[in-house]
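[1] Okay, sequence plus prediction incoming.
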Amino acid sequence: MSSTDGVGTKAQVAMLAEQYESIGIDLVAMCVDDLVCVGAEPLFFLTIFQSGHSSLIKLNFL
């Protein structure tokens, strides 16, 4: 079983606050929660970064 999720509006809030450190942690937590709710156990996490534009400094925080 697998799970997919996105950060949604949290990315917009993070951009306004210029606080990017916790977005990745929150994303992993949401995906793991979806799996645990159906009795599955997370085995791995595949990261994909998708953006229309970004700076390397912000990307390093993620």
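    Structure's in. What do you need?
[2] Can you list the buried residues in the longest helix that the chain contains?
    The residue-count maximum for a helix in the chain (DSSP state H) belongs to helix 23-37. Neighbour counts using 16 or more other C-beta atoms under 10 Å place Ile23, Leu27, Cys31, Val32, Asp34 of helix 23-37 among the buried residues. The C-beta positions use only the backbone N, C-alpha and C, and glycine is treated the same way.
[3] what helices or strands is that helix leaning on?
    Here helix 23-37 touches helix 10-17, going by 3 or more C-beta pairs under 8 Å, 6 or more residues apart in numbering; DSSP states H and E.
[4] Just the buried positions in the helix it packs on, please.
    Buried, per 16+ other C-beta under 10 Å, within helix 10-17: Ala14.
[5] mind checking how far it is from the chain centre?
    13 Å (C-alpha atoms, centre = their mean, to the nearest Å).
[6] just the angle between that helix and helix 23-37, please?
    160 degrees (axes from the mean of the first three to the mean of the last three C-alpha atoms, to 10 degrees).
[7] Let me see the mean pLDDT of the longest helix of the chain.
    When pLDDT is averaged over helix 23-37, the result is 90.
[8] how far out from the middle of the chain is that helix?
    8 Å.
[9] Show residues contacting that helix.
    Helix 23-37 is contacted by residues 1, 3-7, 10-11, 14, 41-42, 45, 62 when judged by C-beta atoms under 8 Å, 6 or more residues apart in numbering.
[10] With respect to pLDDT, which of those ranks lowest?
    Leu62 (62).
[11] residue nearest the centroid of the chain?
    Leu27 (3.0 Å; C-alpha atoms, centre = their mean).
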